[in-house]
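A.B. asks: Just to be clear, the model below is a prediction. Sequence and coordinates:
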Amino acid sequence: MEKHKVVVTRKIPEQALEKLKEHSEVYIWNYEEKPMPYELLTEQLKDASGLYTNVGDQIDKALLDQAPYLKVISTMAVGFDNIDVKEAARRGIAVGHTPGVLTETTADLTFALLMAAARRVVESSDYVREGHWKSWGPMLMTGQDIYGATIGIIGMGRIGEGVARRAAGFNMNILYHNRSRRFELEKELKASYCSMEELITTADFVVLLAPGSAQTRHMIGEKQFKQMKPNAVFINTSRGTNVDEKALYEALKTKEIWAAGLDVFEEEPIAESHPLLKLPNVTVLPHIGSASVATRTKMALIAAENLIAGLENQELLFKVNSK
Ligand code: DGY
């Protein structure tokens, strides 16, 4: 029997690649950091049945128009804002993703970023390395307390819950805003549901975990930053497009807010010359929320299983909802 052709857009963990090879003819763009050029992807998809994709690939209508045999798109991520899911559904192409396995790893990173931004960890480290440290100082690198502070979590899904559990361990007062109430969690963690406005105006830490979509684009902008407390630390480990970066820059520069910790950006990778990178009160990471060896391996394997199921006309393990 002839094997299906599958296109893999990035170097992925070996176990996942082996799995794919057992079931299909694999074309792989075998680079870790260089994304597969859109034109080459278009070309390779002309006779492919499966697409194993990654954050950063643009899977749009124009691309799908050139992929007449495509049956399944499987992304090695929980987020799928880079995929035109409606267009895929219209063509009967299944779309899979990898929720669940990355929850705790991403919550860990979110909390690490929160702590790093609050206590100026990276800025302090650079200060030492660059030879600026001359003596102990009473006011040197003073930051914001985490223990006992108020955290406001926007988006109380799995990862939001993971962050809330960590916050409870730090005796934080937990506020959240979400599409639906999480009554059990409210009881268990003494978390309080509140409006966006209340959360933004009262939280010491504003943590954004809403999924990226057309509806959430720039949901945090000038108005919201102006409403935040001057000691507020803003954390984003969701999608960069959820935040108006120009407004964030102004808020940080004029000290309307105290600091930010960012794992995601409107454009990724963020340009080296981006004004945000010039500010000392910004801690930046290269979109590594789920990047532990174990979690990335699990994600890669789930993505492979989703893909294989789609090729064999079976239900995907984790299918994206096309609505
Ligand atoms: C995701 O899964 O959506 C992350 O952003 C990448 O791990």
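C.D. replies: In hand now; what should we look at?
A.B. asks: Break the chain into its domains for me.
C.D. replies: 4-100+293-321, 103-284 (automatic domain parsing).
A.B. asks: how about the ones you listed in TSV, adding mean neighbour count and mean pLDDT?
C.D. replies: (Glycine included, C-beta is placed from N, CA and C.) Listed next are these as TSV, based on neighbours: other Cβ atoms under 10 Å; pLDDT from 0 to 100:
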stretch	mean neighbour count	mean pLDDT
domain 4-100+293-321	19	97
domain 103-284	18	98
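A.B. asks: So which residues on the stretch 101-250 of the chain come close to the ligand?
C.D. replies: L102 (Cβ under 6 Å from any ligand atom).
A.B. asks: the strands in the stretch 101-250 of the chain, which residues?
C.D. replies: Assigned by DSSP state E, counting those that start in this stretch, the stretch 101-250 of the chain shows strands spanning 150-154, 173-177, 191-193, 205-208, 233-236.
A.B. asks: Put together CSV for these, with distance to G143 on each row.
C.D. replies: What follows is the strands of the stretch 101-250 of the chain, written out as CSV (distance: least, Cβ to Cβ, whole Å):
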stretch, distance to G143
strand 150-154, 15
strand 173-177, 19
strand 191-193, 25
strand 205-208, 12
strand 233-236, 9
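A.B. asks: separation between M196 and the ligand?
C.D. replies: Here M196 is placed at a distance of 22 Å from the ligand (Cβ to the nearest ligand atom, to the nearest Å).
A.B. asks: thinking that residue is in contact with I154, fair?
C.D. replies: Yes: with contact defined as Cβ atoms under 8 Å, M196 counts as touching I154 (7.0 Å).
A.B. asks: Report the set of residues contacting both of the two.
C.D. replies: Applying Cβ atoms under 8 Å, 6 or more residues apart in numbering, one finds that M196 and I154 are jointly contacted by H177.
A.B. asks: Just the residues contacting the lengthiest helix in the chain, thanks.
C.D. replies: Counting by DSSP state H, the longest helix found in the chain is helix 293-311. The contact list for helix 293-311, computed with Cβ under 8 Å, 6+ apart, reads 4, 6, 12-13, 15-17, 19-20, 23-24, 49-50, 52, 71-77, 94, 96-98, 101-102, 105, 290, 315-319.
A.B. asks: ok, it near the ligand or not?
C.D. replies: No: if you take Cβ under 6 Å from any ligand atom as the test, helix 293-311 misses the ligand, and the best it gets is 6.9 Å.
A.B. asks: gap between that helix and the chain center?
C.D. replies: Relative to the mean C-alpha coordinate of its chain, helix 293-311 is positioned 18 Å out (Cα atoms, centre = their mean, to the nearest Å).
A.B. asks: just stretch 13-28 next, same as before
C.D. replies: The chain centroid and the centroid of stretch 13-28 are separated by 25 Å under Cα atoms, centre = their mean.
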